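Q: just need the structure, nothing else, for what follows:
(4 chains)
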There are 2 protein chains.
Amino acid sequence: MDDGEVAGIESAQDAANDELVLAFGRLQGAAGRLEYLLGGAIEEEFGISHLMYEVLLIVGRAGGAGMSMRAIAQERVLTTGGMTRLVDRMEAAGLVARTDDPTDRRGKLVRLTAHGRDVVVRASRLHVRNIRRHFLAPLPEEAREQFMECLRILSHAARDALPRLR
Amino acid sequence: MDDGEVAGIESAQDAANDELVLAFGRLQGAAGRLEYLLGGAIEEEFGISHLMYEVLLIVGRAGGAGMSMRAIAQERVLTTGGMTRLVDRMEAAGLVARTDDPTDRRGKLVRLTAHGRDVVVRASRLHVRNIRRHFLAPLPEEAREQFMECLRILSHAARDALPRLR
DNA sequence: CAACAGTATCTGTTCCGTCAGATATTCCCT
DNA sequence: AGGGAATATCTGACGGAACAGATACTGTTG
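A: As a prediction, this is how the structure comes out:
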């Protein structure tokens, strides 16, 4: 079971697709280490993971009485099972609070605590300084806005296109 | 510890940055389920994860005698420890083979087996039909090329900017 | 209203990648 | 050549998310 030639594994036409796959894969790997690119300071400063920070943002902008577990999970593209445990940890850290949904006794509503809001506000302030500078820096100036717009579009599409997460 | 107002959590200036954070986060979540967007058919058809498919692509295009574990890990942004186990599984599945690096007795070289090359060729063929159509579809026609270019730039930058992975 | 399908959340299990440490080897400096 | 730092890979322990099943509740339908 040996192999000689590996060149010509694909047509030039397909090579561009592979490039996209590889680029996205690398970014996914890098995103797992997003702390180095974007949120390392947050983790150091506030002792919360980047994922927690994202959930704070999501819940924070919902405001009002809070968001259901499912809605958060849907928004962040996570299973509700995973969300249960994540919110467990965040609740233990005093960042969010669960309350019973008054309109549906199956449901819970998650909202920021005062501490959680404080953290997200200060973390965001820290974030702002880093995100464009470090993450987007390699891109040519004029491409950044459009790239961010594409990212927004794709992420919404991804969120909505995926089958309902358990 | 109750909280009343949640509006005005941040300035309008910062809101755009948060948008980027959230978009990227969602994409990361979605990327974990990249199978639905890009590679679901591959997993069904060939019984290999999308990550394995990516590694097959990476090793395949290296060609020749093969790639070191570290080089693959670096290219895909993964720790070498994780790579060890991934290659274990891929070797067990008959997709790749390890050989001792003749120039460095610490190292191993990973190369595709005939079966691995067959899988990656056929999977790529399947992929081509799906990737642009499903993943990039939500983007306006004229933005796609530039978006892919941005993705390429950023992914290379991310790979190179990260501290050496253990 | 009883039956039943659908939904929200939680929990046990499993998978998989990271982290830190161990071992073997190479490289560099004296 | 000898000693130590750096490097390649592997391994044990761990964390966290997915998956599937369980439980509780809702809404619909006969």
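Q: make it CA atoms for all contacts and neighbour counts henceforth
A: Noted.
Q: wait, isn't A:Val21 in contact with B:Tyr53?
A: No. Under the criterion of CA atoms under 8 Å, A:Val21 makes no contact with B:Tyr53, lying 9.5 Å away.
Q: more neighbours: which of the two?
A: Legend: neighbour count by other CA atoms under 10 Å in any protein chain shown for A:Val21 and B:Tyr53, higher for B:Tyr53 (24 against 21).
Q: give me the nearest residue to that one, chain neighbours excluded.
A: Sequence neighbours aside, B:Val120 is the residue nearest to B:Tyr53 in space, at 6.8 Å (criterion: CA to CA, 6 or more residues apart in numbering or on different chains).
Q: also A:Val21?
A: B:Glu54 (7.2 Å).
Q: number of residues surrounding the one you found?
A: With other CA under 10 Å as criterion, B:Glu54 counts 20.
Q: ditto for A:Glu145
A: By other CA under 10 Å, 11 other residues sit near A:Glu145.
Q: isn't A:Asp101 right next to A:Met69, touching?
A: No. Contact between A:Asp101 and A:Met69 fails when scored by CA under 8 Å: they sit 10.7 Å apart.
Q: compare those two (neighbour count), which wins?
A: A:Met69 (20 against 16).
Q: show the pLDDT at the more buried one.
A: The per-residue pLDDT reported for A:Met69 equals 96.
Q: gap between it and B:Asn130?
A: According to CA to CA, to the nearest Å, A:Met69 stands 32 Å off from B:Asn130.
Q: all strands for chain A, in order.
A: Per DSSP state E, chain A carries strands over the ranges A:67-68, A:96-100, A:108-112.
Q: what's the closest of these to chain B?
A: Closest approach to chain B among the strands of chain A is made by strand A:108-112 (7.9 Å; CA to the nearest CA).
Q: pull the residues that contact the closest one.
A: Residues outside strand A:108-112 that contact it (CA atoms under 8 Å, 6 or more residues apart in numbering or on different chains) are A:56, A:59-60, A:63-69, A:95-101, B:3.
Q: please repeat the previous calculation with a cut-off of 10 Å.
A: Under the contact criterion CA atoms under 10 Å, 6 or more residues apart in numbering or on different chains, strand A:108-112 has outside partners A:55-72, A:87, A:90-91, A:94-102, A:117-120, B:2-3, B:6.
Q: near DNA strand D, which residues of chain A show up?
A: Within chain A, the residues that sit near DNA strand D (CA under 7 Å from any atom of the strand) are A:51, A:77-83, A:85-86, A:103-106, A:165-166.
Q: from those, which single one is nearest DNA strand C?
A: Using CA to the nearest atom of the strand, A:Gly81 comes nearest to DNA strand C of the residues of chain A next to DNA strand D, at 3.6 Å.
Q: which one is A:Leu22 nearest to, not counting chain neighbours?
A: A:Leu22 sits nearest to B:Glu54 (CA to CA, 6+ apart), 6.5 Å away.
Q: check contacts around the one you found.
A: Residues near B:Glu54 by CA under 10 Å, 6+ apart: A:18, A:21-26, B:60, B:76, B:120.
Q: is chain B within reach of stretch A:130-148?
A: Yes. Stretch A:130-148 lies within reach of chain B by CA under 10 Å from any CA of the partner chain, at A:130-132, A:134-140, A:143-144, A:146-148.
Q: ok, stretch A:149-157 next?
A: Yes. Interface with chain B: stretch A:149-157 contributes A:149-157 (CA under 10 Å from any CA).
Q: over to stretch A:64-84?
A: Yes. Stretch A:64-84 is in contact with chain B by CA under 10 Å from any CA, via A:64-66, A:73-79.
Q: need the CA coordinates for stretch A:157-166. CSV is fine.
A: These are the backbone C-alpha positions of stretch A:157-166, laid out as CSV (Å, rounded to 0.1, in the frame of the first residue of the first chain):
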residue,chain,number,x,y,z
ALA,A,157,-27.5,32.6,7.9
ALA,A,158,-25.7,29.9,9.8
ARG,A,159,-27.7,30.5,12.9
ASP,A,160,-31.0,30.3,11.0
ALA,A,161,-30.1,27.5,8.5
LEU,A,162,-29.0,25.0,11.1
PRO,A,163,-31.6,22.5,12.3
ARG,A,164,-33.0,23.3,15.7
LEU,A,165,-30.4,22.3,18.3
ARG,A,166,-31.5,20.1,21.1
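Q: buried residues in that stretch?
A: Using 16 or more other CA atoms under 10 Å in any protein chain shown as the burial criterion, the residues of stretch A:157-166 that qualify are A:157-159.
Q: which one of those sits closest to DNA strand D?
A: If you rank the buried residues of stretch A:157-166 by distance to DNA strand D using CA to the nearest atom of the strand, A:Arg159 comes first, at 12.0 Å.
Q: correct me, but that closest one touches A:Ala71?
A: No. The pair A:Arg159 / A:Ala71 is not scored as a contact, 11.3 Å apart, by CA atoms under 10 Å.
Q: overlap in contacts, these two.
A: A:Val77.
Q: in contact with A:Ala119, which residues?
A: You called it Ala, but residue A:119 is Val. Contacts of A:Val119 (CA under 10 Å, 6+ apart): A:42, A:45-46, A:48, A:53, A:56, A:95, A:112-113, A:125.
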